[in-house]
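[1] below is the sequence, then the predicted model.
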Amino acid sequence: MSGILTLPNTEELPRVFIPYMAFDFPEFLLEVLPKQSLSAIELNQMMAKVNKEFKVSKLIDIKNAHDRLVHHDKFLASAAAVLTLLTIFLASVGVYGILTYSIQLRRSELGIRMAIGATPATIYIEIIRESFITVLAGLAAAGVILAGLWLWLENTSFVDELSVWGALFPVLLIIILTALASLFSVWQIISKPAIHSLQNAQ
């Protein structure tokens, strides 16, 4: 039995059938001779000789395509670099402030030690030694955390390559910043005779 079934008391709704259109246009990679430029119009003229149904709607050279591809990554890398430098600057200022305050509390002690024969280099080395005790404790704690994180990543599908320079650079940066902060914080004392420290301590 064949026929059309019509339900009673129902209104036929208007319908429009649109053929499927793919909006993902094919992409072609064209290689040209060195120093040769090719416009979309010239390319369409060349392709019309082969098949008039093909039209080039957008023509992008390889440099612009590469720039578009890595633009997002460059932005994220630049933002990360700026945030990293800002973090390092704020951390340096904080370390310098703490060391300066600590040195000011010991101004009389350091002045007496210089008065009885301690050289500026001896005072600076002593401050460096005391500062590096805290730094080494922090690096040890960070090493334990990084070792645990590395072991966890080894059991996941995450793949990352760590170079020796990438591992040593943060440690060297921390050491250099600590040495500079220690020098600047004690410079006002060791750069002048001991009498100045003793007078200002009173």
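    Ah, there it is.
[2] from now on I want contacts and neighbour counts done on CA atoms only, so please keep to that.
    Noted.
[3] who are the packing partners of the helix or strand harbouring residue 145?
    Residue 145 is located in helix 120-154, with elements delineated by DSSP states H and E. Packing partners of helix 120-154 (3 or more CA pairs under 8 Å, 6 or more residues apart in numbering; DSSP states H and E): helix 107-115, helix 164-190.
[4] in JSON lines: these, plus distance to residue 140, mean pLDDT and mean neighbour count.
    Conversion of the helices and strands packed on helix 120-154 to JSON lines gives the following (distance: least, CA to CA, whole Å; pLDDT from 0 to 100; neighbours: other CA atoms under 10 Å):
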{"stretch": "helix 107-115", "distance to residue 140": "30", "mean pLDDT": "84", "mean neighbour count": "19"}
{"stretch": "helix 164-190", "distance to residue 140": "11", "mean pLDDT": "84", "mean neighbour count": "16"}
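[5] which residue is nearest the centroid of the chain?
    residue 80 (2.9 Å; CA atoms, centre = their mean).
[6] okay, the angle between the host helix or strand of that residue and helix 120-154?
    Secondary-structure element containing residue 80, defined by DSSP H and E: helix 62-105. For helix 62-105 against helix 120-154, the angle by axes from the mean of the first three to the mean of the last three CA atoms, to 10 degrees is 130 degrees.
[7] chain center to helix 62-105: distance?
    Here the centre of helix 62-105 is set off from its chain's centre by 7 Å, with CA atoms, centre = their mean, to the nearest Å.
[8] what angle sits between it and helix 107-115?
    80 degrees.
[9] quick one: helix 62-105 to helix 164-190, angle?
    With the same axes, to 10 degrees as the basis, helix 62-105 and helix 164-190 are set at 30 degrees to each other.
[10] now do the contacts for residue 169.
    Residues counted as contacts of residue 169 (CA atoms under 8 Å, 6 or more residues apart in numbering): none.
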